[in-house]
Structure formats: C-alpha cells, structure tokens
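**Student:** structural data only, the sequence is not supplied:
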C-alpha cells in the first residue's frame, strides 16, 4: 500500500514536470501560485478530461467553445459575418455573404470562399487560402497558421521562448506564439 502511494506520488511529479516543459517553455514551476492552470486554456488538452478541441474551437475555462468571431449553430462553429448559410444569423441564407449581410460582390481585401467573403490573412477557417483551417493550437497571422501554447500567466510578458501575445478576441488570454509576430 505504502509503495503504491509512493509510486503514484512519483508519477504525479513526473507528469507535472513533463507538462511544465512541454507547455511552459521551462519558465514556471509546479505549485507556483502565479502559474495558471493551462488545462483551462489549452486546446490540445482542455479541461479535466484533457479533451482535444476541434479546429474551429478554443479552450476557455476548461471547455471547448467556438473561437472568437465564430458562433455555435447546431454542431458547428460558423462565421455568421461571412457564412452564406447563416449570414448574419442562424437561418439567414444567401449566395454571397460579407459583414453579416447578403451582397452581390465581395468587398476589397476579402476573398470569396464558397459564398463567404473572408479575409484570408486572419480567418482561422480560411487561412492563406479558401478551405485551409488552422488547427486548434494555431492562429492565423498574415495568412499563415502559427502555432501557439497557452502562456503560464494571463498577461504578457510570461517568459515565453518566442513572442508573448494576446489571443485574438480574448484580452485576458496570453499565448506563447511560435513566430515573431502576434495575430
């Protein structure tokens, strides 16, 4: 019994160390009160069940929810500002959607992607080109999917190895970005 308890304690410490290296860039320590619980914000290991969020989702407070700017309609997260099946709302359909309204042509600086007028420089569902979503652990920066990890604190600087940024649409969510530019 005592040996099993000691073994489980040792495994817990090892798991903590593995998570710290993988998620925190070795800038935090286990048990440090200033470190936030990244499973509450990590889209790869979200919440107590360590669920993987889908490409159109982000982990907020330990649950996979639609990324900022996306709205859950049924089982999907959609951009109601550009989705032609849900243009500006749940059941509003049109052949071409921009800014939540039915239009006859896409505005300048947007690209038509199957009836949706999107900015491929920033769209998490059409990053760089139509139909290319960023993974749940990436954000779209200048048309390129850039990987990130939740930072070990809520505001920059957080000791990130590369850039410390604010997740788009989430001012209280600091992320460590694998590139040199923030979204």
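**Tutor:** That came through fine. Note that this is a predicted model, so its numbers are computed, not measured.

**Student:** please identify the helix or strand for residue 59.
**Tutor:** strand 57-60 (DSSP states H and E).

**Student:** distance between that strand and the chain's centre?
**Tutor:** 6 Å (C-alpha atoms, centre = their mean, to the nearest Å).

**Student:** given the very next helix or strand once past that strand, what are its sheet partners and their directions?
**Tutor:** On the C-terminal side of strand 57-60, the nearest following helix or strand under DSSP H and E is strand 63-66. Strand 63-66 sits in its sheet next to strand 57-60 (antiparallel), going by DSSP bridges.

**Student:** helix, strand, or coil at residue 39?
**Tutor:** Assigned by DSSP: H, G, I helix; E, B strand; the rest coil, the conformation of residue 39 is helix.

**Student:** for residue 50, see how far away it is.
**Tutor:** Per C-beta to C-beta, to the nearest Å, residue 39 is found 7 Å from residue 50. For the C-beta atoms, the positions are set from N, CA and C on the backbone; glycine is no exception.

**Student:** more neighbours: these two, which one.
**Tutor:** The neighbour comparison of residue 39 against residue 50 (other C-beta atoms under 10 Å) goes to residue 39, with 19 against 10.

**Student:** show me the strands in this protein, by range?
**Tutor:** Secondary structure of the chain, counting by DSSP state E: strands at 57-60, 63-66, 71-73, 76-78, 97-98, 101-102, 111-113, 116-118, 138-141, 144-150, 163-167, 170-177.

**Student:** mind checking these for the one nearest to residue 131?
**Tutor:** Nearest of the strands of the chain to residue 131, taken as C-beta to C-beta: strand 111-113 at 6.6 Å.

**Student:** partner strands of that closest one, with direction?
**Tutor:** Here, using DSSP bridges, strand 111-113 pairs with strand 116-118 (antiparallel).

**Student:** residue nearest the centroid of this protein?
**Tutor:** In the chain, the residue lying closest to the centroid (C-alpha atoms, centre = their mean) is residue 58, at 4.1 Å.
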